[in-house]
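1. Fold the following for me, if possible:
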Amino acid sequence: MDRREYPNIGETLYSAVLPNGLRLNVVPKAGFSTRYAAFAANYGGAHRRFRLYGDIIDSPAGVAHFLEHKMFDLPNGDNALNILSANGADPNAFTSSGMTCYYFSCTQGFEENLRMLLHFVSTPYFTAETVSKEQGIIGQEIRMGEDSPDSRVYYNLMESLYRCHPVRDRVAGSLESIARISHETLYACHRAFYAPSNMALCVEGDVDAEAIERIALEVLGSESAPVPQVDFGPEESPFPCVKLRREVMEVSAPLFLIGAKLSVEKSGEAAMRQRLVARLALRILCGASSSFYSRLYAQGILNRNFDYDLDFSAGTGTLILGGESPRPEQVLRELEQEVEQVRLHGLDESAFLRAKRSTLGSTLRALEDFENVCVSLASGLFDGYCAFDSMPVLGSISLRECESFLTENLGPERLALSIIESKAV
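-> Predicted coordinates:
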């Protein structure tokens with residue numbers, strides 16, 4: 001395995017690409033009691049149309065999430081969640097638009113738990129009966145999401161921003177789409193996307209990197225399979241499809257989200273740099289210490305629920321900010337004016353330096369979270385960069401880069417607003 005030292009953050013990283021194509025990252029932490037492993041597939045809710053072995057396959061919305069639910073079932077009738085828990089592990093999984101990740105943490109029995117993680121994720125077992133039962137369970141989850149104001153305001157925004165890209169659709173799918181999922185569908189998508197060549201294994205803790213490499217080859221084998229070619233549909237316009245969308249629900253205060261589509265660097269250091277520039281620029285513009293947030297908070301237009309986020313997945317980049325406000329449309333106008341001030345006068349240099357120091361500090365603190373480290377490493381592997389390289393890149397980002405990001409991506413014509421309003425009394 002390749003060994004690389006990161007003296008600026010006090011970390012060592014062992015990495016390898018195994019003969020089966022699996023990308024492996026191991027971060028040894030001698031003396032730590034907790035060990036964490038994440039086994040991730042470069043496959044999420046948006047990976048619905050793909051080409052494999054010359055065939056074009058269209059799968060219903062929700063298959064990736066459905067697979068996540070069913071993968072814990074083993075052919076002998078056992079359940080991997082129960083086995084891992086009984087062996088002292090704390091297992092779970094998640095599915096996003098761009099990735100599915102299975103993980104566990106433990107303080108003992110690590111190698112046994114790792115074998116079980118690799119085994120159950122690579123061993124599909126579905127029947128018509130178990131799929132039918134799961135359709136009812138996931139259908140209930142979908143109904144709960146439809147009744148959630150937080151979920152509705154988010155997906156209303158995504159539908160306003162994206163015309164065709166499947167990132168606009170719910171990761172869990174719809175009642176209609178999951179009704180079209182069969183055990184044959186699950187087997188086909190598992191065969192396509194759960195090949196080691198389309199996956200990453202990231203481990204942190206007091207572990208032996210070479211032993212993990214050996215276990216991965218023993219459980220997964222050395223055969224390499226082709227990676228599916230995913231089709232996300234026609235290229236999207238940089239502008240939203242709908243500028244404003246309102247809906248009325250039972251909420252105590254109006255919810256809102258403002259969003260914009262970003263032009264995306266596909267992979268490598270350029271992709272990592274874009275993500276870092278975007279996060280730093282947003283912290284300066286509307287973070288907790290920004291003049292924008294302080295002013296609107298003092299006026300009662302924003303409260304402590306206000307937040308911002310960036311999502312780079314499935315070939316897209318989406319900027320989102322929002323929370324609660326009695327006047328969401330005024331927040332949008334104030335944001336547009338703030339960006340216009342950046343265009344005319346630039347960003348305040350002292351605010352830029354303060355935000356950079358704060359971002360460097362939060363990045364260092366995040367290294368204490370094994371889950372964050374492993375998931376970030378896996379995400380970076382799928383996008384062609386190493387998350388541990390972020391510190392020197394972050395340090396090199398200039399004020400001008402942040403200004404350009406804001407003025408190019410947050411102009412008035414690029415922004416969409418989603419509002420969930422209270423029912424009139």
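2. Which parts of the stretch 101-250 of the chain are helices?
-> Counting by DSSP state H, counting those that start in this stretch, the stretch 101-250 of the chain has helices at residues 110-121, 128-146, 149-161, 175-178, 183-193, 209-220.
3. Which one of those helices lies nearest to Val393?
-> helix 209-220 (25.0 Å; C-beta to C-beta). Every C-beta, even on glycine, is put in place using the N, C-alpha and C of the backbone.
4. Going by contacts, tell me the helices and strands next to the closest one.
-> strand 23-28, helix 110-121, strand 199-205 (3 or more C-beta pairs under 8 Å, 6 or more residues apart in numbering; DSSP states H and E).
5. is it possible to export those to TSV including mean pLDDT?
-> Formatted as TSV, the helices and strands packed on helix 209-220 follow (pLDDT from 0 to 100):
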stretch	mean pLDDT
strand 23-28	98
helix 110-121	98
strand 199-205	98
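6. from those, which stretch is densest packed?
-> strand 199-205 (a mean of 26; mean count of other C-beta atoms under 10 Å).
7. Strand 23-28 and that strand, what's the angle between them?
-> The directions of strand 199-205 and strand 23-28 differ by 0 degrees, with axes from the mean of the first three to the mean of the last three C-alpha atoms, to 10 degrees as the criterion.
8. re the thing from before, so for Glu5, which of the helices of the stretch 101-250 of the chain sits nearest?
-> So among the helices of the stretch 101-250 of the chain, helix 209-220 is nearest, using C-beta to C-beta, at 13.6 Å.
9. Phi, psi for Tyr385 please.
-> Tyr385 adopts backbone torsions of phi -140, psi 170, taken as degrees, to the nearest 10.
10. Now do the contacts for it.
-> Ser267, Gly268, Glu269, Ala271, Met272 (C-beta atoms under 8 Å, 6 or more residues apart in numbering).
11. Pull the contacting residues for the residue nearest the centre of the chain.
-> Nearest residue to the geometric centre of the chain (C-alpha atoms, centre = their mean): Ser96, 5.5 Å. Ser96 makes contact with Gly44, Gly45, Val171, Ser313 under the criterion C-beta under 8 Å, 6+ apart.
12. and with 10 Å instead?
-> Applying C-beta atoms under 10 Å, 6 or more residues apart in numbering to Ser96 gives the contacts Gly44, Gly45, Ala46, Ala64, His65, Val167, Val171, Asp311, Ser313, Ala314, Val375, Ser379.
13. Need the max-distance pair from those.
-> Pairwise distances across the contacts of Ser96 peak at 18.7 Å for Val167 and Val375 (criterion: C-beta to C-beta).
14. More neighbours: these two, which one.
-> Neighbours per residue (other C-beta atoms under 10 Å) separate Val167 from Val375, with Val167 holding more: 25 against 21.
15. Please name the residues that touch that one.
-> Val167 touches 44-46, 96-98, 158, 161, 232-233, 236, 261, 311, 313-316, 318, counting by C-beta under 10 Å, 6+ apart.
16. Could you tell me which of those belong to strands?
-> Among these, the ones falling in strands (DSSP state E) are Lys261, Asp311, Ser313, Thr316, Thr318.
17. ok, and the closest non-adjacent residue to the third one?
-> When the adjacent residues along the chain are set aside, Ser313 lies closest to Gly98, with 3.1 Å between them (C-beta to C-beta, 6 or more residues apart in numbering).
18. Same check on the second one?
-> In this structure, Asp311 finds its nearest non-sequential neighbour in Thr318, 4.7 Å apart by C-beta to C-beta, 6+ apart.
19. Would you mind confirming that that neighbour is in contact with Arg275?
-> No. Taking contacts as C-beta atoms under 10 Å, Thr318 lies outside contact range of Arg275: 12.0 Å.
20. Verify the stated contact: Arg23 with Ala41.
-> No. Arg23 is beyond contact range of Ala41, at 11.4 Å (criterion: C-beta under 10 Å).
21. Now do the shared contacts for these two.
-> With C-beta under 10 Å, 6+ apart as the test, Arg23 and Ala41 both reach Pro196, Asn198, Met199, Ala200, Ala378, Phe382.
22. The fifth one: what's it in contact with?
-> The neighbours of Ala378, taking C-beta under 10 Å, 6+ apart as the test, are 23, 25, 38-42, 99, 101, 103, 199-202, 387.
23. same check, this time on the last one
-> Listed by C-beta under 10 Å, 6+ apart, the contact partners of Phe382 are Arg23, Ala40, Ala41, Asn42, Tyr43, Gly98, Met99, Asn198, Met199, Ala200, Ser267, Ser313.
24. what's it sitting at in phi/psi?
-> phi -70, psi -20.
25. where does this structure dip in pLDDT?
-> 424-425 (pLDDT under 70).
26. Of the contacts of Tyr385 - the most surrounded one?
-> Neighbour counts for those peak at Met272, which has 22 neighbours (criterion: other C-beta under 10 Å).
27. so where does that one fall, helix or strand?
-> Using DSSP states H and E, Met272 sits in helix 268-286.
28. List the buried residues for that helix?
-> Under the neighbour-count criterion of 16 or more other C-beta atoms under 10 Å, helix 268-286 has 271-286 buried.
29. I'd like to know which of those residues is nearest to Leu353.
-> Ile284 (9.9 Å).
30. With distance to Pro228 added, can I get the contacts of Ser96 in a markdown table?
-> Below are these laid out as a markdown table (distance: C-beta to C-beta, whole Å):
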| residue | distance to Pro228 |
| --- | --- |
| Gly44 | 13 |
| Gly45 | 15 |
| Ala46 | 13 |
| Ala64 | 12 |
| His65 | 18 |
| Val167 | 17 |
| Val171 | 18 |
| Asp311 | 22 |
| Ser313 | 16 |
| Ala314 | 13 |
| Val375 | 22 |
| Ser379 | 18 |
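31. quick check, nearest of these to Ala16?
-> Ser379 (18.2 Å).
32. so what's the closest one up against?
-> By C-beta under 10 Å, 6+ apart, the contact set of Ser379 is 38, 40, 42, 96, 98-99, 101, 200, 202, 275, 312-313, 385, 387.
33. got it, and Leu347?
-> Ala281, Ile284, Leu285, Gln341, Ala355, Leu399, Arg400, Cys402, Glu403, Leu406.
34. Identify those among these that sit within helices.
-> Using DSSP state H, the subset of the contacts of Leu347 located in helices is Ala281, Ile284, Leu285, Gln341, Ala355, Leu399, Arg400, Cys402, Glu403, Leu406.
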